[in-house]
Each structure stands twice: as C-alpha cells, then as structure tokens.
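*Asks:* coordinates only, no sequence provided:
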C-alpha cells in the first residue's frame with residue numbers, strides 16, 4: 001500500500017527492492033528537503049517487500065570526530081566483521097548474504113556519510129548485476145558539498161542507478177497524510193535494523209510540522 005500522498009513515488013522504491021527479489025542489483029537515490037518523508041517512504045516499501053533482508057544504516061552529522069564506516073557498523077557487527085574491514089571483504093559478505101536472501105541496503109542521510117562509507121557504497125553499487133542487492137540512499141537535496149557531489153556524479157554514470165526526487169505534498173496528499181498518520185517508532189537514528197515506520201508528519205494541537 002502506498003503512503004498517503006505518495007502513490008506515484010511508492011512504486012519506484014518498491015521497484016528497486018523488487019529488482020533484488022528478482023535477483024538483479026539496482027540502486028535508487030531518494031532526494032528531497034528535510035522532513036519531506038524520504039525515510040518513511042523507503043521504510044514502508046522495504047516493510048512491504050516481504051522476504052527481504054533490510055540493512056538500515058543511518059549517517060550522523062558528526063563534525064568533531066571521524067569514525068570510518070560508522071553508518072555500516074551495525075551490519076559489520078552482525079556479520080562478525082571488524083570495522084577495519086576492507087571494501088572487498090564487505091562486498092564479499094554482502095554477496096554471501098544476498099545468496100541466501102535478497103538484501104536491501106538502505107543508507108539514510110547520505111549527505112553526512114564519511115568518505116570510507118562512500119567508498120564502500122560506490123564499490124557495492126558498481127558490483128555484479130546478477131546479485132539480489134538493492135542499494136537505496138536518502139539524502140537532502142542540495143547538501144553535502146563538493147565531495148558528495150563528485151561521488152553522486154560517479155554513481156550516476158553507473159548502470160542500474162535511478163534518481164527519485166520527492167516534492168512537497170499537495171493539498172490532497174497532505175489531507176490524506178493527516179488522516180492516516182501513525183505515531184510509531186522509526187529506525188534507530190544511530191544505525192541498525194528498521195524498528196518501525198516513522199511518519200512524515202507529526203500532529204500537534206494547532207500546528208503541523210514536518
């Protein structure tokens with residue numbers, strides 16, 4: 001079922017996950033302004049996909065410290081891999097996981113990713129086309145600086161990569177969202193598996209905020 005107001009966008013995300021279910025690699029970049037519902041849209045599509053191993057990695061806006069592969073550490077721990085794992089080792093682990101069950105690797109707030117995580121993602125996205133891996137990254141439109149812009153340019157030159165830009169909901173879509181909003185737990189903002197669905201809108205007496 002599509003999220004309220006996202007009937008056109010939901011099939012795009014579901015299609016990326018569906019490619020993994022069909023045994024084909026694909027990548028989707030979901031862009032939009034903060035609070036517009038990128039995370040909710042991706043979480044709903046992954047939850048609806050059924051028998052898919054969803055690995056959720058959330059990037060954090062850390063400025064006073066650097067930690068290589070921080071967004072991916074949850075996946076590394078579950079795989080029994082050290083944070084100092086090489087790009088090739090991570091990709092090999094992903095190959096093994098996808099051979100057992102389709103994998104959706106979701107990277108939330110990509111604009112805050114460290115360079116080591118970007119390197120791993122680029123290597124994964126450029127990998128074999130015949131493996132059941134969907135890479136979905138959410139990012140704030142127009143942010144990330146030159147480093148991320150260069151990375152995005154490299155990724156967009158690769159095959160099987162698509163872009164999805166989320167616009168603001170129109171009046172009808174906003175009404176639908178307010179009617180159906182559910183205040184449940186979202187993904188752990190420090191990384192990890194999906195813990196539930198995070199609504200794109202939260203309702204408070206007398207006001208609405210994204």
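*Replies:* Okay, I see it. Since the structure is predicted, the reported quantities are computational estimates derived from the model, not experimental observations.

*Asks:* OK, contacts around the spatially most central residue of the chain?
*Replies:* With distances taken as Cα atoms, centre = their mean, the residue of the chain nearest its centroid is residue 106 (3.2 Å). For residue 106, the contact set (Cβ atoms under 8 Å, 6 or more residues apart in numbering) comprises 42, 46, 54, 55, 56, 57, 136, 137, 138, 194. Backbone N, C-alpha and C define where each C-beta goes, glycine included.

*Asks:* need the three-state assignment for it.
*Replies:* Recorded secondary structure, residue 106: strand (DSSP: H, G, I helix; E, B strand; the rest coil).

*Asks:* tell me how far it lies from residue 145.
*Replies:* Remark: distance between residue 106 and residue 145 (Cβ to Cβ, to the nearest Å) = 22 Å.

*Asks:* ok so, going back, in TSV: the contacts of residue 106, plus neighbour count, secondary structure and pLDDT.
*Replies:* Output for the contacts of residue 106, formatted as TSV (neighbours: other Cβ atoms under 10 Å; DSSP: H, G, I helix; E, B strand; the rest coil; pLDDT from 0 to 100):
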residue	neighbour count	secondary structure	pLDDT
42	27	helix	96
46	24	helix	93
54	21	strand	93
55	24	strand	91
56	25	strand	91
57	25	strand	90
136	27	strand	98
137	26	strand	98
138	26	strand	98
194	21	coil	34
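
*Asks:* what about the closest residue in space to residue 112 that isn't next to it in sequence, neighbour count?
*Replies:* Distance criterion Cβ to Cβ, 6 or more residues apart in numbering; nearest residue to residue 112, sequence neighbours excluded, is residue 59 at 3.9 Å. Using other Cβ atoms under 10 Å, residue 59 has 23 neighbouring residues.

*Asks:* how close does residue 59 sit to residue 139?
*Replies:* To residue 139, residue 59 is 9 Å away according to Cβ to Cβ.

*Asks:* anything in contact with each of the two?
*Replies:* Common neighbours of residue 59 and residue 139 (criterion: Cβ under 8 Å, 6+ apart): 109, 110, 111.

*Asks:* just the closest of those residues to residue 121, please.
*Replies:* Nearest to residue 121 out of the shared contacts of residue 59 and residue 139 is residue 110 (Cβ to Cβ; 8.1 Å).
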